[in-house]
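Peer 1: show me the folded form of this:
(chains A and B)
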2 protein chains.
Amino acid sequence: MERRLKPDAFSKIMTEKKTEPTSFEIERKFLVGAVPPGLDRYPHEAIRQGYLALDPDGTEVRIRQKGDRFFQTIKRGAGLQRIEAEILLTRAQFETLWPLTKGRRVEKIRYDIAYEDYVIELDVYSGTLAGLLTAEVEFPSQEASAVFPTPPWLGREITEDKRYKNKNLAVQGAPQ
Amino acid sequence: MERRLKPDAFSKIMTEKKTEPTSFEIERKFLVGAVPPGLDRYPHEAIRQGYLALDPDGTEVRIRQKGDRFFQTIKRGAGLQRIEAEILLTRAQFETLWPLTKGRRVEKIRYDIAYEDYVIELDVYSGTLAGLLTAEVEFPSQEASAVFPTPPWLGREITEDKRYKNKNLAVQGAPQ
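Peer 2: Numbering: from 1, shown residues only, chains lettered A, B, ... in the order given. Now for the predicted structure:
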């Protein structure tokens, strides 16, 4: 149930207090039983991300390359006190910081798969996480989420399984 | 004994392994008993810095404004494994990140005071650290460090007192 930032909000000041639990996106996450046929026909993009720091107070500092765009995201605090900021990085800034994420990285290719009224984001991991595939879907409401007609190639639901959060995958690797 | 990066190295890739303890700068740090006369005649610059994250593995993510220049510095690991990277930030990047340093900041004015063959960096803290003054001197060798003719306005030496490290001042405030 990771909350994501909309692309159109990038590169402006994005610090915000999350005081409204209802502002969280409603997402479900699944393992992938079988790769859908013709995967390469779908739009896809290479993503690599790594964590510069994981503070026990809940703060995380993440950098991410998505295609040819580069971001740094800070999340600090927890619950109602949680705040978040994201900045665009230049490629040079990103490349300077990347070595410091060694040992806590996630690399994957993300496919955007149109299905019914939704877009399923299918992540095919590589590197130390090779073999892992997950898929995420975002919904406009709890109701829509509940009646989602899961396609047959989706496997076990892992929405509530914290081991599959990218932060934990980066540090602990794929769950056995 | 904080190691600092040379200005001419900014904005290029600076990640480096510190495998040579001898590459550390030799510095001594003091409390300041009395402000030297005519302080405002010396070159000075406002500095504010804050910590985005402090990871128990020793990683710190610091942003700093020095005059009208902005930096982000990451230090990761400890001892021989310690690596460090610094990038220049734009003002907009800095201002987006600054709110997330709330509660762990240091603000000060740094005066560069020429004294004998040295430059003493005198830091006059403000904000929650108002009243604290420290001074730091860098030496070319252990020998020079040992025979430094301390000017009378310098007080107790705090080189080995970790409470005066900026990271600890930012989090814990001024020692009592």
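
Peer 1: could you use CA atoms for every contact and neighbour count after this?
Peer 2: Fine.

Peer 1: low-confidence ranges, chain A, go.
Peer 2: Scanning chain A for pLDDT under 70 picks out the ranges A:1-24.

Peer 1: so what's the residue count around the residue nearest to A:L129 when sequence neighbours are not counted?
Peer 2: Once its chain neighbours are removed from consideration, A:L129 has its nearest residue in A:A174; the separation is 5.9 Å (Cα to Cα, 6 or more residues apart in numbering or on different chains). The tally of other residues near A:A174 (other Cα atoms under 10 Å in any protein chain shown) stands at 17.

Peer 1: next, A:A174: secondary structure please.
Peer 2: Secondary structure, DSSP: H, G, I helix; E, B strand; the rest coil: A:A174 is coil.

Peer 1: check A:E95 too.
Peer 2: Of the three states, A:E95 takes helix under three-state DSSP.

Peer 1: what's the answer for A:E138, then?
Peer 2: Here A:E138 takes the strand state, with states given by three-state DSSP.

Peer 1: I'd say it and A:R28 touch.
Peer 2: Yes. Using Cα atoms under 8 Å, A:E138 and A:R28 qualify as a contacting pair, with a distance of 6.7 Å.

Peer 1: anything in contact with each of the two?
Peer 2: Counting by Cα atoms under 8 Å, 6 or more residues apart in numbering or on different chains, the contacts common to A:E138 and A:R28 are A:S145.

Peer 1: just want the phi and psi numbers for the residue of chain A found nearest chain B.
Peer 2: For chain A, the residue closest to chain B is A:D55, as judged by Cα to the nearest Cα, at 4.4 Å. Geometry field for A:D55 lists phi and psi as phi -90, psi 140, criterion degrees, to the nearest 10.

Peer 1: same check, this time on A:E121
Peer 2: Per-residue torsions, A:E121: phi -90, psi 110 (degrees, to the nearest 10).

Peer 1: now swap in A:V124 and tell me
Peer 2: phi -110, psi 110.

Peer 1: count of residues packed around the residue nearest to it when sequence neighbours are not counted?
Peer 2: Across the structure, with Cα to Cα, 6+ apart as the measure, the residue nearest A:V124 apart from its sequence neighbours is A:L133 (4.8 Å). One way to gauge burial is a neighbour count; for A:L133, by other Cα under 10 Å, it gives 22.

Peer 1: and if you look at A:T150?
Peer 2: Other residues near A:T150 number 11, with proximity taken as other Cα under 10 Å.

Peer 1: can I assume it sits in a helix?
Peer 2: No. Inclusion of A:T150 in a helix is not indicated when three-state DSSP is applied; the result is coil.

Peer 1: and it, how far from A:A34?
Peer 2: Between A:T150 and A:A34 the distance is 13 Å, computed by Cα to Cα, to the nearest Å.

Peer 1: tell me the contacts of the residue nearest to A:T59 when sequence neighbours are not counted?
Peer 2: Excluding its sequence neighbours, the residue lying closest to A:T59 (Cα to Cα, 6+ apart) is A:R76, at 4.1 Å. Residues near A:R76 by Cα under 8 Å, 6+ apart: A:D57, A:G58, A:T59, A:E60, A:R82, A:I83, A:E84, B:L100.

Peer 1: mind doing that once more with 7 Å?
Peer 2: Shown in contact with A:R76 (Cα atoms under 7 Å, 6 or more residues apart in numbering or on different chains): A:G58, A:T59, A:E60, A:R82, A:I83, A:E84, B:L100.

Peer 1: which single one of the residues you listed is nearest to A:A146?
Peer 2: The shortest distance between A:A146 and any of these, using Cα to Cα, involves A:R82 and amounts to 27.0 Å.

Peer 1: excluding chain neighbours, what is closest to that closest one?
Peer 2: Sequence neighbours aside, A:R76 is the residue nearest to A:R82 in space, at 5.6 Å (criterion: Cα to Cα, 6+ apart).
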